[in-house]
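*Asks:* sequence plus predicted model, see below.
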Amino acid sequence: MNIVVLDGYTLNPGDLSWSALEQLGTVTLHDRTPEHEVVSRASEADIVLTNKTPLSAASIAQLPKLRYIGVLATGYNIVDIEAAAKRGIVVANVPSYSTYSVAQLVFALLLELCHRVGRHDDAVKSGAWAASPDFCFTRAPLIELAGKTIGLIGLGRIGRQTARIALAMGMRVVAVGSGRTAPTPEEGVEWVTLPELLQQADVVSLHCPLTPATQGLINRERIAWMKPTAMLINTSRGPLIVEDDLAAALREQRIQGAGLDVLAAEPPRADNPLLALPNCIVTPHIAWATKEARVRLMDTAVANLAAFLAGKPVHVVGG
Ligand SMILES: NC(=O)C1=CN([C@@H]2O[C@H](COP(=O)(O)OP(=O)(O)OC[C@H]3O[C@@H](n4cnc5c(N)ncnc54)[C@H](OP(=O)(O)O)[C@@H]3O)[C@@H](O)[C@H]2O)C=CC1
Ligand SMILES: O=C(O)C(=O)CO
């Protein structure tokens, strides 16, 4: 059984072990794979594991031996699911492994926007406190979250954990779902429409998957519905936001701030306009990457493949 890992480095930069995977077949491990090398590297693969390296319809069509694609992530937007299904290739993802870590980063970003911990620490370290006549000074407006409304777009695993933390902080929580499934009641959460959410929320946080229906969900028109004091958090996928529209809104202070863990292109172009804005905080897609979450991801990815090889695939997506 030939197993090719296309981009293993971010999951295991050296602090985990691939040995459980190696029990399941002959593993060829690549730290990263440029998209134009996917076909040559996976040409003999029965199994391909990928985190963010795309498996397009064109690549899948040139991989006749391929039987299984294991996505080393929850979001599986990088795989052409329909092309895989047509070929009978099973695609499995890893749900749940990073729920707590991602929800935690939502609040790391939000609290940074509310307290500017980094900016205050920099000011103190550069001598501003020592030189101050007062016991206290501020370098940015400080914001209390209790009593404010957070609007969650997508109330799945991460959305619900974000809701629990927000409720514990005294926030009101409103949410919208896909509209495809009936909203499941969640204690303390009010279901609203998307326009209601955008108009009422002091904080908008994105937790839906990237699909054709959600691409560009946050655009100029929808940003116009938001409060001028609103903050936007995105830990889901960059293309949910039209970045030029967000950059213009932040530049013109039509919303107050944004905290982004994901961008439309990763790594981003150096001239991405969001990178130059003081009211936009950007982290390099790290929400999932705590050691605790990566250990769970490795374990589940191996268990997924073992289940497939035993004829009982689990966590199958699409098709
Ligand atoms: N930054 C990071 O490191 C990480 C990012 N992620 C991202 O977070 C996303 C969410 O993860 P998770 O919560 O575990 O996934 P879940 O599948 O548990 O939840 C996703 C939710 O989004 C809902 N949804 C789908 N389409 C829409 C829509 N158009 N509008 C509003 N809601 C919608 C789904 O509803 P329904 O059930 O009705 O379809 C579902 O409830 C992942 O898809 C991934 O992109 C995940 C892990 C790490
Ligand atoms: O699990 C996910 O969806 C991530 O984005 C991390 O790779």
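*Replies:* On my side now, so go ahead. Ligands and ions are numbered 1, 2, ... in the order given.
*Asks:* who's in contact with residue 254?
*Replies:* 223, 224, 226, 228, 248 (CB atoms under 8 Å, 6 or more residues apart in numbering). Just so you know, the C-beta spots here come from the backbone N, C-alpha and C atoms, and that holds for glycine as well.
*Asks:* switch the cut-off to 7 Å
*Replies:* Contact partners of residue 254, counting by CB atoms under 7 Å, 6 or more residues apart in numbering, are 223, 228.
*Asks:* how near is it to ligand 2?
*Replies:* Distance, residue 254 to ligand 2, using CB to the nearest ligand atom, to the nearest Å: 28 Å.
*Asks:* residue 158 now?
*Replies:* Noted for residue 158: a distance of 9 Å to ligand 2, by CB to the nearest ligand atom.
*Asks:* which SSE is immediately downstream of the host helix or strand of that residue?
*Replies:* Assigned by DSSP states H and E, residue 158 falls within helix 157-168. Downstream of helix 157-168, the first helix or strand assigned by DSSP H and E is strand 172-176.
*Asks:* remind me what that following strand packs against, helices and strands.
*Replies:* Secondary-structure packing of strand 172-176 (3 or more CB pairs under 7 Å, 6 or more residues apart in numbering; DSSP states H and E): strand 149-153, helix 157-168, strand 189-191, helix 194-200.
*Asks:* ok now the last one, how far from the chain's centre?
*Replies:* Offset of helix 194-200 from its chain centre (CA atoms, centre = their mean, to the nearest Å): 22 Å.
*Asks:* tell me what that helix is packed against?
*Replies:* Helix 194-200 packs on strand 149-153, strand 172-176, going by 3+ CB pairs under 7 Å, 6+ apart.
*Asks:* could the ones you listed go into JSON lines alongside distance to residue 83?
*Replies:* Output for the helices and strands packed on helix 194-200, formatted as JSON lines (distance: least, CB to CB, whole Å):
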{"stretch": "strand 149-153", "distance to residue 83": "28"}
{"stretch": "strand 172-176", "distance to residue 83": "30"}
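*Asks:* please identify the most buried of those.
*Replies:* strand 149-153 (a mean of 26; mean count of other CB atoms under 10 Å).
*Asks:* pLDDT score for the closest residue to ligand 2 within the stretch 101-250 of the chain?
*Replies:* The minimum distance from the stretch 101-250 of the chain to ligand 2, using CB to the nearest ligand atom, falls at residue 237 (7.4 Å). We have a pLDDT of 98 for residue 237.
*Asks:* residue 38: what's it in contact with?
*Replies:* Shown in contact with residue 38 (CB under 7 Å, 6+ apart): 6, 53, 55, 59.
*Asks:* likewise residue 69?
*Replies:* 48, 50, 55, 79, 84, 89, 91.
*Asks:* name the helices or strands packed onto the helix or strand where the fifth one lies?
*Replies:* Meaning residue 84. Assigned by DSSP H and E, residue 84 belongs to helix 81-86. Using 3+ CB pairs under 7 Å, 6+ apart as the contact test, the elements touching helix 81-86 are helix 57-61.
*Asks:* re earlier: who wins for proximity to residue 296 among the helices and strands packed on helix 194-200?
*Replies:* Among the helices and strands packed on helix 194-200, strand 149-153 comes nearest to residue 296, with 22.9 Å by CB to CB.
*Asks:* what angle do the closest one and strand 172-176 make?
*Replies:* 20 degrees (axes from the mean of the first three to the mean of the last three CA atoms, to 10 degrees).
*Asks:* name the strands paired with strand 149-153 and say parallel or antiparallel.
*Replies:* Strand 149-153 has the following strand partners under DSSP bridges: strand 172-176 (parallel), strand 203-206 (parallel).
*Asks:* for this protein, just list every one of the strands.
*Replies:* 2-5, 26-29, 47-50, 68-71, 90-92, 149-153, 172-176, 189-191, 203-206, 231-234, 257-260, 280-282 (DSSP state E).
*Asks:* okay, those strands in JSON lines with mean pLDDT and distance to residue 111 next?
*Replies:* Below are these laid out as JSON lines (pLDDT from 0 to 100; distance: least, CB to CB, whole Å):
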{"stretch": "strand 2-5", "mean pLDDT": "98", "distance to residue 111": "35"}
{"stretch": "strand 26-29", "mean pLDDT": "98", "distance to residue 111": "37"}
{"stretch": "strand 47-50", "mean pLDDT": "98", "distance to residue 111": "33"}
{"stretch": "strand 68-71", "mean pLDDT": "98", "distance to residue 111": "31"}
{"stretch": "strand 90-92", "mean pLDDT": "98", "distance to residue 111": "35"}
{"stretch": "strand 149-153", "mean pLDDT": "98", "distance to residue 111": "13"}
{"stretch": "strand 172-176", "mean pLDDT": "98", "distance to residue 111": "17"}
{"stretch": "strand 189-191", "mean pLDDT": "97", "distance to residue 111": "21"}
{"stretch": "strand 203-206", "mean pLDDT": "99", "distance to residue 111": "11"}
{"stretch": "strand 231-234", "mean pLDDT": "99", "distance to residue 111": "11"}
{"stretch": "strand 257-260", "mean pLDDT": "99", "distance to residue 111": "9"}
{"stretch": "strand 280-282", "mean pLDDT": "98", "distance to residue 111": "10"}
